[in-house]
Structures are given as structure tokens and as C-alpha cells.
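Peer 1: curious how this folds, go ahead:
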Amino acid sequence: MRDIKYKIGFLLIIMGLFLPMGLFAQASGETSLIMDSLQKFWSQTSFANFEFKYLVMIVIGIAFLWLGISKNWEPLLLVPIGFGILVGNVPFTEGYQIGIYEKGSVMNILYSGVLTGWYPPLIFLGIGAMTDFSTLIANPKLMLIGAAAQLGIFTTFIGAYALGFTPEQCGAIGIIGGADGPTAIFLASRLAPELMGAIAVAAYSYMALVPVIQPPVMKLFTNNKERLIRMKPPRQVTRFEKIAFPVIGLLLTTFISPSAMPLLGMLFFGNLLKESGVTERLAETARFALINTITIILGLTVGASTQADKFLTVDSLLIFGLGAAAFIVATAGGVLFVKFMNLFLKEGNKINPLIGNAGVSAVPDSARVSQEIGLHYDKTNHLLMHAMAPNVAGVIGSAVAAGILLSMLT
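Peer 2: Predicted structure coming up:
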């Protein structure tokens, strides 16, 4: 009995010694597991992955939002793009299908419409359904202004080539001079998808900055006498002419530049829906629900594509510089071409050079700038209707130029 008591006592002593150690080891293991989990969580936060370049892009995104909301500069473009820049520059750990460049992520799937170039034709469908070509039909010679303004595209092509870009990249960069975001995206998706983010953001940025960039150029190349020129009111256009225009326009432009068919086909189709008078429901869908939906997705994904580690490069800075030069040259080209045309026009038929800036395809902002500058010098001289003719011609001209570049460079 005594031996049993000794054995039981010895066993209790052993348990007293080692049980706390076991409990401590278990607690220590749980503590270690918690610390590892916390460390893993921290490593996946944006704070742990943060770099200064992301801050730069976030500031740019906030600036876009400020310009769109406070200054009302192209808010339908700058607000989605600005917010997209914020979305694209939240630092993250790769492998969780978060980023726009990670295959399978939601943003990557949405961005595929940009990379494959099928968003721009849908945008053109909506533009066609919104556009009235009456002033261009009434005065066809104003189409030449839209063609002249494309000078910025080809001079920028030469400048980009001089800076060492490939011919394909030069074509995609040059189209920024047309001030047409959808066309720039369409061409970049075919010729230089690696530069898509910089080209798209540059194109839309300069479209939004039309009221800032164009007025000084217009004033520089015109004098007071030219700014006061009054143009005859455009004639009344018949319904038949409005219906025939998209059909004839499609055939003429695409026979010259078949590669531009995706853009021009949708542009003229949308216009036919509007002018035919029998497809108003379709036209309404194209110019409201469809174009608004695509604009939201396009703006957000284009903004998100400016992921700092891929966007903040020397090439991006060069593209922005070339884009500004292209826009200035395009504006100057339109104004100077009007002055050249006036050398051959009789007094009373001359064109006010202030509508030359509208040859770029930033519809209708360029035409509004023509109106505002004209009213500044003569409060009764309304140029908006006249400026709309080269403005819509610029849309056609930039698409034709894109088709020409595409056929030459692929």
C-alpha cells in the first residue's frame, strides 16, 4: 500500500512539473500562429506595398477629379478616369487577381474591351446617333478644315519617330493630335497595345483641356479684323439630304480607308438611326444608355491602366509631350488653313478663322471654344453652328487618318 502511495505521489510530482510546460508550449504555439497571421495580413496591405510612385499617381487622379468636378472640364471623361487612376494605384500583393494587368481579374476582363478595341466602335455608334451633320451638308467646303486639322497627327508621327519610337508606336502616338479618345484607343490597340495607358490618358486629357490649350493658339494666328468676320447663316437642309449623307459618307470614306470601317461604319449607322425617323428607339438607346455604359467602363479601366509601376516611364512622359505638341499643331493647322481658304473666297463668303480650331474632333467642346472667343470680340457674332461643321468633319477625318495609318503600318 505504501509503495502505491509513493508511486501515486511521484506521478503527481511529475505531472506538476511538466503540465505547465506543456500548457506554455501550447500557448506559445498559438501566439506564434497569431503573429504569423498578423504578419501575413500586414504584408498584403497597401501600407506594406506602398511606394512613392503610387502617391504620385494618386495625386494625379485627385487632380483629374478636381478638374472634372470643380472646373467642369469634361466631367463625363475626367471623373471616371480620375477615379480609375485611384483604383489602379492602390498597392497590392500580386496573385490574388486584383490588378488590371492580372489575367482573370474583374478589371482585366473589363479592360479587354480596350485592348481588343471593341469599345471605340460602340462609342462611335452613340456619337453618330447624337450628331447633326446639317451644317456640314449645307457647307461642304468646311470639311476641308477638318482634314487640315489632321496635320497634327502626321507631324507628331515624324516627331515620335525622331525620338526613337517604332513606326507602329509613332502611328498610335500621332493619332492623339486628332483629339479623339476612342480613335486613339482603337489605333493603339492595333499598333501599340504596350503604350495603351499613356496614349489613352493623354488623348482624353487633352480633349478635356480644349478650353485651355486652344484659345492662345487661335489668338496667336488671327488678327482683330479676321476675328470679326461674319458668316452667312447655313441653308436649310432637307430630310432626304440628312438620310442620304450617312450612306454616301460611309461609301466615300471607307472606299478610301477600308481599315477605318469599324469606326466609320458605326458612326454613320448611328447617324442613320437618328435621321431615318423610323428607328428612334434604337437611336435613343445608342445615344443614351449604350454610350453612357461604355463611357463609364472605358473611363474607369483606362484610368486604372495607369498602374504606377507600368505607367511612370520615360516613354509616358514623351507621349504626353508629343500629345500636347500634336494638339497645338492641329489647332494651328485648322486656323491657318481657313486663312489660306479666304485668299480664294470673295468678300461676303469668307470664313471666320476662329472656327479653324474646331477641325479637331473634340465634339462639341472645340466648337464651343470658337463660339466663346468669337463672342469675346463681337457679342453678336455667333459661330457655334458654323464651327460644328468642321468639328464633325474632324471626327470623320481622324477616323480616316487612323485607317490610313493602320493600313500602312500593319
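
Peer 1: okay, CA-based contacts and neighbour counts for the rest of this
Peer 2: Fine.

Peer 1: contacts only, for Leu125.
Peer 2: Contacts for Leu125 (CA atoms under 8 Å, 6 or more residues apart in numbering) come out as 266-271, 286-287, 291.

Peer 1: which one of those is nearest to Leu251?
Peer 2: Relative to Leu251, the closest of the contacts of Leu125 is Phe268; by CA to CA it sits at 10.0 Å.

Peer 1: can you tell me the closest non-neighbouring residue to that closest one?
Peer 2: Of all residues not flanking Phe268 in the chain, Pro246 sits nearest, at 4.8 Å (CA to CA, 6 or more residues apart in numbering).

Peer 1: the one you found in helix, strand or coil?
Peer 2: Assigned by DSSP: H, G, I helix; E, B strand; the rest coil, the conformation of Pro246 is helix.

Peer 1: my read: it touches Asn271, true?
Peer 2: Yes - contact criterion CA atoms under 8 Å: Pro246 and Asn271 qualify, at 6.5 Å.

Peer 1: so which of the two has more stuff around it?
Peer 2: Asn271 (27 against 23; other CA atoms under 10 Å).

Peer 1: tell me which helix or strand the more buried one sits in.
Peer 2: Assessed by DSSP states H and E, Asn271 sits inside helix 261-276.

Peer 1: tell me the average confidence for that helix?
Peer 2: The average pLDDT within helix 261-276 is 96.

Peer 1: per-residue confidence at Ile8?
Peer 2: For Ile8, the pLDDT comes out at 56.

Peer 1: again with the one 10 residues further on
Peer 2: At Phe18, the pLDDT value in this model is 47.

Peer 1: can you give me the helices in the stretch 1-150 of the chain?
Peer 2: Secondary structure of the stretch 1-150 of the chain (DSSP state H, counting those that start in this stretch): helices at 2-43, 52-69, 75-88, 106-115, 119-130, 134-138, 143-148.

Peer 1: adding distance to Ala325, write the ones you listed out as TSV.
Peer 2: Shown next, in TSV, are those (distance: least, CA to CA, whole Å):
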stretch	distance to Ala325
helix 2-43	43
helix 52-69	21
helix 75-88	21
helix 106-115	25
helix 119-130	24
helix 134-138	28
helix 143-148	16
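
Peer 1: which one of those helices lies nearest to Ala401?
Peer 2: The nearest among these, by CA to CA, is helix 143-148 at 9.0 Å.

Peer 1: got a list of contacts for the closest one?
Peer 2: Applying CA under 8 Å, 6+ apart, the external contacts of helix 143-148 come out as 136, 330, 333-334, 337-338, 356, 358-361, 389-395, 397.

Peer 1: so what's the gap between the helix or strand that comes right after that helix and the chain middle?
Peer 2: Going down the chain from helix 143-148, the next helix or strand is helix 151-162, by DSSP H and E. Mean C-alpha position of helix 151-162 versus that of the full chain (CA atoms, centre = their mean, to the nearest Å) differs by 20 Å.

Peer 1: same for helix 151-162, what does it pack against?
Peer 2: If you count contacts as 3 or more CA pairs under 8 Å, 6 or more residues apart in numbering; DSSP states H and E, helix 151-162 packs onto helix 167-174, helix 314-342.
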